[in-house]
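**Q** curious how this folds, go ahead:
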Amino acid sequence: MNETSLKVLSILEEADGSISGETISTRLGVSRSAVWKHIRELREWGYEINASRQKGYRLEAATSRLLPHEISKLLKTRFIGRDIRYHRSTASTTWVAKDLCSRGDPAALNGTVIVAEEQTGGIGRLGRAWVSPSGGIWFTIILTPDIPIDHLFMITMAGSIAVARAIRKEYDIGALIKWPNDIYIGDKKVSGLLLELSAEADTVHYCLLGIGIDANIDPTHLPNEFANTITSISAETGFEIDRRALLARVLREFEQRYLLLESEEYESLLREWKSLSLTLDHRVHVRTLRKSVEGEAIDIDNHGALLIRKDNGRVERVIAGDCNHT
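**A** Reported below is the predicted structural model:
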């Protein structure tokens with residue numbers, strides 16, 4: 001959206017009712033036909049604007065799209081999301097973030113959020129396809145953390161806590177975290193997270209935290225293999241949710257935990273993650289690249305590894321793998 005259209009939008013938002021095209025054109029120093037052109041653009045972005053010869057223009061409803069202007073109005077963060085790059089459609093928000101970091105100074109992009117209405121090539125853990133249709137919230141946060149490299153995994157923990165807390169606070173739904181990085185409502189997945197690093201030796205250039213949330217998606221429209229394993233927030237609540245408010249809440253919740261990490265308050269984050277865990281105290285089957293481990297998930301250690309008590313009584317530590325509750 002261009003700058004003049006944003007100014008027209010601001011005038012409409014500030015107006016107490018209708019405002020004439022002549023008043024808008026005078027305030028902006030543009031012609032009335034130019035005002036009409038920007039009104040038309042705003043409608044194309046999803047804003048409902050009523051036009052009357054007698055009364056002028058009146059903003060009836062804001063767009064439901066994840067436009068930076070709309071999210072910024074709801075945002076209560078210091079730096080996360082203060083720069084939002086919007087895409088109607090992109091292959092992957094993480095790819096966009098990587099490209100941005102490769103062409104500029106990652107430090108100057110710290111906290112930048114890349115958000116898209118849909119992804120056509122989203123990739124999840126282990127390179128699996130991440131179905132990302134319109135109606136969801138697909139975004140990547142660029143970070144240049146001041147965190148020891150052996151604690152970077154906790155960025156994903158902070159993100160998963162943020163998503164679960166945001167869903168709970170906004171919709172009073174008992175979202176929980178399934179180890180290692182998925183958010184579940186009941187026995188169905190509603191969100192996933194993926195952290196990618198750019199690092200050399202002990203130097204971290206940047207981290208990219210990708211998050212996908214099935215917000216206003218009809219699970220019955222997803223491919224058959226996901227029909228019984230995926231849910232959405234709208235499916236759980238029975239109504240279409242305000243994605244802008246949820247995204248703003250997630251960013252706020254994430255920033256709070258991220259700042260704890262940078263303050264080395266690791267224990268409080270671990271405690272909160274455990275309090276929201278769907279996996280702990282459940283019998284699990286974890287498949288790693290080399291083996292499978294089955295038993296009771298009894299804890300996670302200070303490095304995020306899952307501790308499983310097997311049937312023979314021995315405790316096995318699993319760093320990564322596919323976890324199924326049995």
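**Q** can you pull up the most central residue in the protein?
**A** residue 211 (4.4 Å; Cα atoms, centre = their mean).
**Q** what packs against whichever strand or helix holds that one?
**A** Using DSSP states H and E, residue 211 maps to strand 203-213. Judged by 3 or more Cβ pairs under 8 Å, 6 or more residues apart in numbering; DSSP states H and E, strand 203-213 is in contact with helix 93-103, strand 137-143, helix 153-171, strand 188-200, helix 243-262. C-beta coordinates here come from the backbone N, C-alpha and C atoms, glycine included.
**Q** for the helix or strand following that strand, give me every contacting residue.
**A** Downstream of strand 203-213, the first helix or strand assigned by DSSP H and E is helix 233-237. Residues from elsewhere that reach helix 233-237, judged by Cβ atoms under 8 Å, 6 or more residues apart in numbering: 135, 167, 171, 173, 185, 190, 213-219, 240-241, 246.
**Q** and what of stretch 74-94?
**A** 65-68, 71-72, 96, 100, 109-123, 138-141, 194, 196, 208, 210, 244-245, 247-248, 251-252, 254-255, 258.
**Q** quick check: buried residues in that stretch?
**A** 74-75, 77, 80-81, 83-87, 90, 92-94 (16 or more other Cβ atoms under 10 Å).
**Q** which pair in these spans the largest distance?
**A** Spatial extent of those (Cβ to Cβ) is set by the pair 74 and 92 at 25.2 Å.
**Q** related to what we said a few turns ago, quick check: which of the helices and strands packed on strand 203-213 is buried the most?
**A** Of all these, strand 137-143 carries the top mean neighbour count, a mean of 26, counting by mean count of other Cβ atoms under 10 Å.
**Q** could you give the angle of that strand to strand 203-213?
**A** 160 degrees (axes from the mean of the first three to the mean of the last three Cα atoms, to 10 degrees).
**Q** tell me what strand 137-143 is packed against?
**A** helix 93-103, strand 113-119, strand 203-213, helix 243-262.
**Q** buried stuff in the third one?
**A** Think strand 203-213. Neighbour-count burial for strand 203-213 flags 204, 206, 207, 208, 209, 210, 211, 212, 213 (criterion: 16+ other Cβ under 10 Å).
**Q** check contacts around the last one.
**A** For residue 213, the contact set (Cβ under 8 Å, 6+ apart) comprises 136, 137, 138, 163, 183, 190, 191, 233, 246, 250.
**Q** find the nearest non-adjacent residue to the second one, please.
**A** The reference is to residue 137. The shortest distance from residue 137 to any residue other than its chain neighbours is 4.3 Å, reached at residue 213 (Cβ to Cβ, 6 or more residues apart in numbering).
**Q** for that neighbour, list each beta-bridge partner.
**A** Beta-bridge partners for residue 213, by DSSP bridges, are residue 137, residue 191.
**Q** got the confidence number for it?
**A** The confidence metric pLDDT takes the value 97 at residue 213.
**Q** ok, now residue 204?
**A** As predicted, residue 204 sits at a pLDDT of 92.
**Q** shaky segments in the protein?
**A** 125-127 (pLDDT under 70).
**Q** could you redo the last one with a cut-off of 80?
**A** 122-130, 201, 225, 227 (pLDDT under 80).
**Q** please identify the residue most distant from the middle of it.
**A** residue 54 (43.3 Å).
**Q** which SSE is that residue in?
**A** Residue 54 is part of no helix or strand, with elements assigned from DSSP H and E.
**Q** how close does it get to residue 316?
**A** 76 Å (Cβ to Cβ, to the nearest Å).
**Q** and if you look at residue 161?
**A** 25 Å.
**Q** same deal with residue 276?
**A** From residue 276 to residue 316 the distance is 23 Å (Cβ to Cβ).
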